[in-house]
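Engineer: I would like the atomic coordinates for the input below:
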Amino acid sequence: GKDRIIFATKEDHETPSSAELVADDPDDPYEEQGLILPNGDINWNCPCLGGMASGPCGEQFKSAFSCFHYSTEEIKGSDCVDQFRAMQECMQKYPDLYPQEDENEEKEKSSKDLEATPTEASAAKEEKGSS
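Structural biologist: Numbering: from 1, shown residues only. Below is the predicted model:
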C-alpha cells in the first residue's frame, strides 16, 4: 500500500543526517494557500479541514462542502441538504472517528433554555403591568 516501514539501527542514528531541506516552492498551489486557492477552487489539502476530506466519509464531506462552497441559492447551501444528510449518515457509522455531541448534554441545554424562557417572559409581563 501507501505506507512503508523502515527499520533503523543504532548505528544509523549515530551519523548526522544528510537530509537537505528544499526551499518552499512558491508555485506549489497547495502550500499554505488556505482553504480557497487563488483560482477559487477548494484546497482539499488545507490543514484547516482537519483531515475531513480523507477517511471513510471523505467523499461525502467533499460533496457537501463543494455544494455549499459553490451554492448560489438565496440561503447559501440550502440546495445541499441531501449531501449534508449523506455525510451525517456516514459519520454516524464511525463514532470513534467522528464523535457526536453527547445527546444527554444537548437535552440538558435545551431543557435549561426552555426553563429560562417562561421566567423571562413572565418577568417582562410583570414589569409592563407595574408601570
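Engineer: gap between the two ends of stretch 34-41?
Structural biologist: 11 Å (Cα to Cα, to the nearest Å).
Engineer: what about that stretch, average pLDDT?
Structural biologist: Averaging pLDDT along stretch 34-41 gives 89.
Engineer: what does stretch 57-76 give?
Structural biologist: On average, stretch 57-76 scores 94.
Engineer: What are the buried residues along that stretch?
Structural biologist: 57-58, 60-65, 67-68 (16 or more other Cβ atoms under 10 Å). From N, CA and C alone the C-beta is placed, and that goes for glycine too.
Engineer: could I have it exported to CSV, CA atoms only?
Structural biologist: Backbone C-alpha positions of stretch 57-76 (Å, rounded to 0.1, in the frame of the first residue of the first chain) are rendered in CSV as follows:
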residue,chain,number,x,y,z
CYS,A,57,-16.5,9.8,4.8
GLY,A,58,-14.1,12.0,2.8
GLU,A,59,-16.1,11.8,-0.5
GLN,A,60,-19.4,12.7,1.3
PHE,A,61,-17.6,15.6,3.0
LYS,A,62,-16.2,16.8,-0.3
SER,A,63,-19.6,16.6,-2.0
ALA,A,64,-21.4,18.5,0.8
PHE,A,65,-18.6,21.1,1.2
SER,A,66,-18.3,21.7,-2.6
CYS,A,67,-22.1,22.0,-2.9
PHE,A,68,-22.1,24.6,-0.1
HIS,A,69,-19.0,26.5,-1.5
TYR,A,70,-20.4,26.8,-5.0
SER,A,71,-24.0,27.3,-3.9
THR,A,72,-25.7,30.4,-5.4
GLU,A,73,-29.0,30.0,-3.5
GLU,A,74,-30.5,32.9,-1.6
ILE,A,75,-29.9,30.9,1.6
LYS,A,76,-26.4,29.6,0.8
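Engineer: Contacts for it, please.
Structural biologist: Applying Cβ atoms under 8 Å, 6 or more residues apart in numbering, the contact partners of stretch 57-76 are 36, 42, 44, 52-53, 77-80, 83-84, 86-87, 90-91, 94, 97-98.
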